[in-house]
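Peer 1: Turn this into a structure:
(2 chains)
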Number of protein chains: 2
Amino acid sequence: MQIAILIFDGLTALDAIGPYEVLSRLPGADLGFVAKEAGTKRTDTGALGVEADLALADMDSPEVVLVPGGPGSRPLMRDPEVLEWLRSAHASSTWTTSVCTGALVLGAAGILDGKRATTHWAFLDRLSELGAEPVAERVVEDGKVITAAGVSAGIDMALTLVARIAGDEVAQAIQLGIEYDPQPPFDAGSLSKASPEVIEMVRGAERAESE
Amino acid sequence: MQIAILIFDGLTALDAIGPYEVLSRLPGADLGFVAKEAGTKRTDTGALGVEADLALADMDSPEVVLVPGGPGSRPLMRDPEVLEWLRSAHASSTWTTSVCTGALVLGAAGILDGKRATTHWAFLDRLSELGAEPVAERVVEDGKVITAAGVSAGIDMALTLVARIAGDEVAQAIQLGIEYDPQPPFDAGSLSKASPEVIEMVRGAERAESE
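Peer 2: Purely as a prediction, here's the structure:
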């Protein structure tokens, strides 16, 4: 099963690597990292380089498409070559998926038109501008489109996807293999759980970044 | 604050990238991916290349050392150059950490001698051969050494570490930023929770791999 993970400069690494760690363990997976141009992509922090082994044309009809997010996903929303590849891949895919602000790229390609979808909590209202119905859930399925909330949600999304493709036991075996029995030291991972002070710290950092 | 993540061919990507995503968001972090030789390292599945920007000598006294695991960590346990770098880095570090079978490399360097430590559940009994006291917990702290269980446990470990370094609110802000509010579709992420059939699937795959 061909699985294409689209990467680009300025991606958030865990958006892509969380699902990669799950999907690459699917029996028969032929997973490739694809970019507009093959080569090393630097993540949003600048501290990590990840290889795109393939250019878009090298994997033009994957069965699973995954678009991660990060600040570097914004230029993709206006990139005709990337959007056309996405539309074409989506036309023949079995599953089209995103993590975090990767959903905005799917939206810009017209793939979320009229669909229920999610993204990182700080960008949820952007989805309606792109024709989607925003849903504040961690993993949202609508037909063959599955979107995940911010960054770490891609792991939950990928396990859900493996269950659809190969059944619950395979998904559970992968979960056990990566010992995904999460025990965060705090319960502050969503807007409804974090304190107002913590929410303001994150929003303040975002404002500083976008100025 | 200098943070060195040691990488190598055959690493399990999420072991390194989960903590990277958390630690790189620590204010003042100067995080580098370090290897015996700088350059591209392929992960255990072969499907991903990750860049080591630095050679060992380029970051010889990091304040935080992190060793991920994966099949490629086994040769490191017999590599005098890597073990010497680890011992030297540990001598001056503020925190020395591992994820998954990275703990076995710390053990081979003598760093876990007499310490409580953890690793991936399938390798827990190997820790006592290396002088450590195995503890079946997700994150184990003993002095300045923090070890995490398998693969995904590195995210929980890194949040714990950020709290020690910069306080609970900074850790919670990073948790909210990466929307780490885990909701796995199954509860099968540990030996005590997975079904016997699922455990056998994972053990069978491991036996096949080591043959």
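Peer 1: Measure how far the helix or strand bottoming out on mean pLDDT in chain A is from the centre of its chain, please.
Peer 2: Every helix and strand of chain A was ranked by mean pLDDT, DSSP states H and E. The lowest is helix A:196-210, at a mean of 83. Relative to the centre of its chain, helix A:196-210 is centred 22 Å away, using Cα atoms, centre = their mean, to the nearest Å.
Peer 1: any bit of it sitting next to chain B?
Peer 2: Yes. Residues of helix A:196-210 contacting chain B under Cβ under 8 Å from any Cβ of the partner chain: A:Glu197, A:Val198, A:Ile199, A:Met201, A:Val202, A:Ala205. (Glycine included, C-beta is placed from N, CA and C.)
Peer 1: Identify each buried residue in stretch A:179-188, please.
Peer 2: A:Glu179, A:Tyr180, A:Asp181, A:Pro182, A:Gln183, A:Pro184, A:Pro185, A:Phe186, A:Ala188 (16 or more other Cβ atoms under 10 Å in any protein chain shown).
Peer 1: got the CA coordinates for it in PDB?
Peer 2: The C-alpha atoms that make up stretch A:179-188 are tabulated as PDB, following Å, rounded to 0.1, in the frame of the first residue of the first chain:
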ATOM      1  CA  GLU A 179       4.100   1.500  23.800                       C
ATOM      2  CA  TYR A 180       1.500   4.100  23.300                       C
ATOM      3  CA  ASP A 181       0.000   4.200  26.800                       C
ATOM      4  CA  PRO A 182       0.200   8.000  27.200                       C
ATOM      5  CA  GLN A 183       0.700   9.400  30.700                       C
ATOM      6  CA  PRO A 184       1.300  13.100  30.300                       C
ATOM      7  CA  PRO A 185       2.600  14.600  33.600                       C
ATOM      8  CA  PHE A 186      -0.100  17.400  33.300                       C
ATOM      9  CA  ASP A 187      -3.600  17.500  32.000                       C
ATOM     10  CA  ALA A 188      -3.200  20.700  29.900                       C
END
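Peer 1: Pull stretch A:147-156 out as PDB, backbone CA atoms only.
Peer 2: C-alpha atoms of stretch A:147-156 as PDB (Å, rounded to 0.1, in the frame of the first residue of the first chain):
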ATOM      1  CA  THR A 147      -8.300  15.200   9.800                       C
ATOM      2  CA  ALA A 148      -6.500  15.400  13.100                       C
ATOM      3  CA  ALA A 149      -6.100  18.200  15.600                       C
ATOM      4  CA  GLY A 150      -2.800  19.700  16.500                       C
ATOM      5  CA  VAL A 151       0.700  18.000  16.200                       C
ATOM      6  CA  SER A 152       0.400  15.000  18.600                       C
ATOM      7  CA  ALA A 153      -3.100  14.200  17.400                       C
ATOM      8  CA  GLY A 154      -1.600  12.600  14.300                       C
ATOM      9  CA  ILE A 155      -0.700   9.500  16.400                       C
ATOM     10  CA  ASP A 156      -4.300   8.900  17.400                       C
END
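Peer 1: quick check: domain ranges of chain A?
Peer 2: A:2-180, A:182-211 (automatic domain parsing).
Peer 1: Highest mean neighbour count out of the ones you listed?
Peer 2: Among these, domain A:2-180 has the highest mean neighbour count (mean count of other Cβ atoms under 10 Å in any protein chain shown), at a mean of 22.
Peer 1: any idea how far that one is from the chain center?
Peer 2: A distance of 3 Å separates the centroid of the chain from that of domain A:2-180, by Cα atoms, centre = their mean.
Peer 1: Quick check: end-to-end length of that domain?
Peer 2: 24 Å (Cα to Cα, to the nearest Å).
Peer 1: Now do the strands in chain A.
Peer 2: For chain A, applying DSSP state E gives strands covering A:2-6, A:30-35, A:39-42, A:49-52, A:54-55, A:64-67, A:95-99, A:116-117, A:133-134, A:139-142, A:145-148.
Peer 1: which helices and strands sit right next to the third one?
Peer 2: So that's strand A:39-42. For strand A:39-42, the contact count by 3 or more Cβ pairs under 8 Å, 6 or more residues apart in numbering or on different chains; DSSP states H and E identifies strand A:49-52 as packing neighbours.
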